[in-house]
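K.L.:
Structure for this input, please:
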Amino acid sequence: MAVEYITSRNMVNLIQETLRLINKPMEQHCIRVSYIMSKMLETRGSYEKYELADWMVLAMLHDVGAFKTDDVRMQLTFETKNPLPHSVYGYLFLKYLSPLEEQSKMILYHHMDYSKTKDMDYRYRYEMEVLKVAEIMDIWQRAFKEKFDYTLINKYAGTKFDPEVCSLLADTVEEHDIFTKLNDLSYKQEYDDSLEYVLLSDDEKEKYLKMLMYCTGLKDEQMVSETVATVYVCRELGRKLKLSEYDKNEVYYAALLHDIGMLALPTELLQAPRNLNDEEKNLIKTHVELMEKTLENKLSKEIIKVAAAHHERFDGSGYPRGLKGSRMGSKEAILQISEQVVNTMEPKPYRAARTRQEIIDDLNNGIISGKYDAIVADTFLKNYDEIMDKAAQKAETALVTHQKLLRNYNQVYKSLV
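P.N.:
Down below sits the predicted model:
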């Protein structure tokens, strides 16, 4: 169903901007590696343009695990001294939470020496060797600056890197002058033009949108479970209110991505075991604006409008704009109430979880004060247990793959040490 709400190109732009939210230098590294890899494969000459575009997306995500396992401000350290944690996490993240299950094994081995992978029986082994070279080239170029010499890789041909790929790199430099373009930034237009050939199926778009929701777990695992729960509470509440399928889907995507702006905020602030001061609270509130900027021109204005109102309240007491009920509708109300209920029923480092009765009292008081839309809140109250039970069942099913990732991390890591 995602095909109606986002184009293939906008989906790729959204992935890129989500990575940028977390850390711009790391996002730029991933883009440069993506460019180098695509030009090398283009030089090889056996790929269609849409195939090259697919590899660009994979390369864009090759270091996604680092956002979870490492201090991304210390990229050179973890890339060269201890790459295994982010390689393992990135592999599992793409295997379980993206459309790139078959290609994910490339991420697991993208720092392993060619001498150990040359005999691997793997469909994408050659592309994996290209990814290795593309990554080290970007690392070296940025580390050595004017002293950078790509031909130094030939010292490691046959040991760390595939000799055929080292030769391909030389051909690529001669044909495309890639390092000059990376230095003067002229590669960016060429890179953007190539992404026009990305062709995602409906299922792939849906999986990528869910993957972006799971990205909140790169900062805070609890955000994943809360977002998933909010999504399904919205679905059940929307069903009880007899929303059209189209309206339910708009609320669904708004709920799926409403907290994506949180990725730009410091983890220590999100997990602070205390009440925040006013300055810190104001910083937290910026996540709504960050979400809007990230989704702008990629998803429909209505979806963004609903998502942006998740902290607004019908009496004007919410943020960031202090909107009142006359400027909002039932879709906004569904997300507001669902998100509030899920948020308060979960314990936080600075407070205990609210009981069922406390949540019900809050909804009743919100109806009386005008804080919540009366029809939506009353429908929730009348069907509270049914909505929460069904939503919990669906959320539990949806979280199975994410929990499998967490369980398998140590097992895979130990097998490679």
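
K.L.:
Quick check: mean pLDDT of stretch 118-133?
P.N.:
Averaging pLDDT along stretch 118-133 yields 97.

K.L.:
Please work out which residues outside that stretch touch it.
P.N.:
Stretch 118-133 has contacts (CB atoms under 8 Å, 6 or more residues apart in numbering) with 33, 36-37, 40-41, 55, 58-59, 62, 102-103, 105-106, 109-111, 114, 117, 153, 160-162, 164-166, 168-169. Just so you know, the C-beta spots here come from the backbone N, C-alpha and C atoms, and that holds for glycine as well.

K.L.:
next one: stretch 288-300 to chain centre, how far?
P.N.:
Chain-centre distance of stretch 288-300: 14 Å, with CA atoms, centre = their mean, to the nearest Å.

K.L.:
and that stretch, which residues are buried?
P.N.:
Of the residues in stretch 288-300, those buried under the neighbour-count criterion (16 or more other CB atoms under 10 Å) are 288, 290, 291, 294, 295, 298, 299.

K.L.:
Kindly report the same for stretch 396-408.
P.N.:
398, 399, 402, 405.

K.L.:
ok, now stretch 165-174?
P.N.:
Quick answer for stretch 165-174 (16+ other CB under 10 Å): 165, 166, 168, 169, 172, 173.

K.L.:
among the contacts of stretch 118-133, which ones are buried?
P.N.:
33, 36-37, 40-41, 55, 58-59, 62, 103, 105-106, 109-111, 114, 117, 153, 160-162, 165-166, 168-169.

K.L.:
which residue ranges form the helices in the stretch 101-250 of the chain?
P.N.:
105-108, 114-117, 125-144, 163-176, 178-184, 187-195, 202-214, 221-240, 245-257 (DSSP state H, counting those that start in this stretch).

K.L.:
What helices and strands are in contact with the last one?
P.N.:
In terms of contact count using 3 or more CB pairs under 8 Å, 6 or more residues apart in numbering; DSSP states H and E, helix 245-257 is assigned the packing partners helix 202-214, helix 221-240, helix 301-308, helix 330-345.

K.L.:
any idea of the angle it forms with helix 301-308?
P.N.:
Helix 245-257 runs at 50 degrees relative to helix 301-308, counting by axes from the mean of the first three to the mean of the last three CA atoms, to 10 degrees.

K.L.:
pLDDT on helix 245-257, on average?
P.N.:
Over the span of helix 245-257, the pLDDT mean works out to 96.

K.L.:
C-terminal to that helix, which secondary structure element comes first?
P.N.:
The first helix or strand that comes after helix 245-257 along the chain, using DSSP states H and E, is helix 267-270.

K.L.:
ok, residues contacting that next one?
P.N.:
219, 220, 223, 262, 276, 280, 283, 284.

K.L.:
Counting neighbours, which of those end up buried?
P.N.:
Buried positions within the contacts of helix 267-270, assessed by neighbour count (16+ other CB under 10 Å), are 219, 220, 223, 262, 284.

K.L.:
need these in CSV with distance to residue 126 and pLDDT, can you?
P.N.:
Below are the buried ones among the contacts of helix 267-270 laid out as CSV (distance: CB to CB, whole Å; pLDDT from 0 to 100):
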residue, distance to residue 126, pLDDT
219, 35, 85
220, 38, 85
223, 38, 90
262, 38, 95
284, 46, 94
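
K.L.:
SS state for residue 63?
P.N.:
coil (DSSP: H, G, I helix; E, B strand; the rest coil).

K.L.:
Spatially nearest residue to it (excluding sequence neighbours)?
P.N.:
residue 30 (5.6 Å; CB to CB, 6 or more residues apart in numbering).

K.L.:
Am I right that the one you found is in a helix?
P.N.:
Yes: according to three-state DSSP, residue 30 belongs to a helix.

K.L.:
Now residue 290: closest residue in space that isn't a chain neighbour?
P.N.:
Excluding its sequence neighbours, the residue lying closest to residue 290 (CB to CB, 6+ apart) is residue 261, at 3.3 Å.

K.L.:
Now do the same contact list for that neighbour.
P.N.:
Counting by CB under 8 Å, 6+ apart, residue 261 has contacts 21, 286, 287, 288, 289, 290, 291, 292, 294.

K.L.:
again, only this time at 6 Å
P.N.:
By CB atoms under 6 Å, 6 or more residues apart in numbering, the contact set of residue 261 is 287, 290, 291.

K.L.:
Present the residues you listed as a markdown table; the columns should include distance to residue 197.
P.N.:
Converted to a markdown table, the contacts of residue 261 look like this (distance: CB to CB, whole Å):
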| residue | distance to residue 197 |
| --- | --- |
| 287 | 33 |
| 290 | 29 |
| 291 | 28 |
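
K.L.:
Let's have those in JSON lines, adding pLDDT.
P.N.:
Below are these laid out as JSON lines (pLDDT from 0 to 100):
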{"residue": "287", "pLDDT": "97"}
{"residue": "290", "pLDDT": "97"}
{"residue": "291", "pLDDT": "97"}
